[in-house]
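K.L.:
okay, here's the prediction I keep looking at, along with the sequence it came from:
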Amino acid sequence: MGYVNWKGGLLMRILLTGGAGYIGSHVVKLLAKKGYEVLVIDNLSTGHKEAVIYGKLEVVDLKEKEKLSELIKEFKPDAVMHFAASIEVEESVRNPTKYYRNNTVNTLNLLEAMIENGVKFFIFSSTAAVYGIPEEIPIREDASLRPINPYGKSKAFVEEILKDFDSAYGLKYISLRYFNVAGADPEGELGQSYKKATHLITRALKTAKGEFDKLYIFGTDYPTPDGTAIRDYIHVMDLAEAHILALEYLLENKKSDIFNLGYGHGYSVREVVDIVKRVTGIDFPVEETARRPGDPPVLIADSSKAKSVLNWNPKYDNLGFIIKTAWNWELNRRY
Ligand code: UDP
């Protein structure tokens, strides 16, 4: 267990994978502000060392199981938070091997290294993609898991592994199923910096900035009011806050659980594009094209469980504000 900190409470040590990446770096910032000691491990394949401001960074790849086990033995974390992953639906359809290795096999390595060293608390970055095409909207955590792309499957497999690790080894975990995470640290220190920029809001902002000639709208024949796909966009800081609450809940109650994280309402691709144009004041070219393989038509969270059980109280449920923070980051990026 941890050491006594200046507040007289326990100073917890958190090992956090993927902390040089978009979501992980925001969570590290909140953890540090709350007095946690954080060791980040990241292979820097898509992350940036400049994003690790509030923790120590070890550059390690999760395929190096022995190295992982040594680090865990040395650092003695109270819990592990696992963000490192490949995250593009379309790429996962073309290159499933990458997704099963990075997301499933490497997570198994991490879990094994934890069990070897007696670390029993785990926070897992799961995804709405585990649901596939849901029967009901908004989606509750007890909906069936029928992922329609290798990305979603690679994460759903981990959720299965976690159940078995709980029964066999007493691993206690919380899986957080993210809907569409967007926006940037309102204080401007952190944001998304991903070379390929395939996600809608980042792509649209970069198009506004002139980094791309035009924005493609993938699919206008979905069964939605304007024909484009609908997603539940959640601000990265609200998501980060939910991680702290989940961690504290897990450490206190020692009970595994699963929570959706979204706001419970969605925007179509066309609506997002309109808001990006309004916030930036730039009218960039848009072209309608075919659906992108692997995309479900509508994903909207029922997050009432996170609100009632974790006392999650999101602050930034406003797409204009989300886009504004991301635009501010695009214009003033540190990395
Ligand atoms: N999308 C689009 N143009 C783009 C990027 C994304 O029309 O340049 C659409 C995509 O097909 C999906 C929605 O925007 O319907 C959200 O996609 P994103 O990649 O942001 O997140 P995902 O839901 O795949 O995690």
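P.N.:
That came in fine, so what should we check first?
K.L.:
ok, the residue of the stretch 101-250 of the chain found nearest the ligand - contacts?
P.N.:
Nearest residue of the stretch 101-250 of the chain to the ligand, counting by C-beta to the nearest ligand atom: A229, 3.2 Å away. All C-beta atoms are positioned from the backbone trio N, CA, C, and that covers glycine. With contacts defined as C-beta atoms under 8 Å, 6 or more residues apart in numbering, the neighbours of A229 are F218, G219, Y222, S268, V269, D295, P296, P297, V298.
K.L.:
touching, the fifth one and F218? I think so.
P.N.:
What that stands for is V269. Yes - with contact defined as C-beta atoms under 8 Å, V269 and F218 form a contacting pair (7.4 Å).
K.L.:
next, the buried residues of the longest helix seen in the chain.
P.N.:
Identified as the longest helix of the chain according to DSSP state H is helix 150-169. For helix 150-169, a neighbour-count test (16 or more other C-beta atoms under 10 Å) marks 150-159, 161-162, 165-166 as buried.
K.L.:
the ligand next: which of the contacts of A229 are close?
P.N.:
Checking those against the ligand by C-beta under 6 Å from any ligand atom, the ones in range are F218, V269, D295.
K.L.:
what about the last one, which SS state?
P.N.:
At D295 the chain is in coil, as set by DSSP: H, G, I helix; E, B strand; the rest coil.
K.L.:
read off the pLDDT value for the closest residue to it other than its chain neighbours.
P.N.:
Computed as C-beta to C-beta, 6 or more residues apart in numbering, the closest residue to D295 that is not its neighbour in sequence is A229, at 5.8 Å. Per-residue pLDDT puts A229 at 98.
K.L.:
look up phi and psi at A229.
P.N.:
Main-chain torsions, A229, degrees, to the nearest 10: phi -70, psi 150.
K.L.:
likewise S126?
P.N.:
Dihedral angles for S126 - degrees, to the nearest 10 - are phi -100, psi -170.
K.L.:
bridged to it, which residues?
P.N.:
R177 (DSSP bridges).
K.L.:
tell me the confidence at V4?
P.N.:
50.
K.L.:
also the one 4 residues further on?
P.N.:
According to the prediction, G8 has pLDDT 52.
K.L.:
excluding sequence neighbours, find me the nearest residue to N102.
P.N.:
S86 (4.6 Å).
K.L.:
same check on T107?
P.N.:
Spatial nearest neighbour of T107, excluding adjacent residues (C-beta to C-beta, 6+ apart): V158 at 4.8 Å.
K.L.:
show me what contacts K305?
P.N.:
So K305 contacts R140, E141, F259, N260 (C-beta under 8 Å, 6+ apart).
K.L.:
of the contacts of A229 - the most surrounded one?
P.N.:
V269 (26 neighbours; other C-beta atoms under 10 Å).
K.L.:
let's verify the closest residue to that one other than its chain neighbours: helix, strand, or coil?
P.N.:
Nearest residue to V269 in three dimensions, chain neighbours excluded: T228, at 3.8 Å (C-beta to C-beta, 6+ apart). Assigned with three-state DSSP, T228 falls in the coil class.
K.L.:
what's the burial count for T228?
P.N.:
The tally of other residues near T228 (other C-beta under 10 Å) stands at 23.
K.L.:
my read: it touches G266, true?
P.N.:
No - between T228 and G266 there is no contact under C-beta under 8 Å: 11.0 Å.
K.L.:
I'd assumed I234 was in contact with P314.
P.N.:
Yes - taking C-beta under 8 Å as the definition, P314 is a contact partner of I234 at 7.4 Å.
K.L.:
more neighbours, these two?
P.N.:
I234 (26 against 19).
K.L.:
is it true that E50 touches L190?
P.N.:
No - the pair E50 / L190 is not scored as a contact, 9.5 Å apart, by C-beta under 8 Å.
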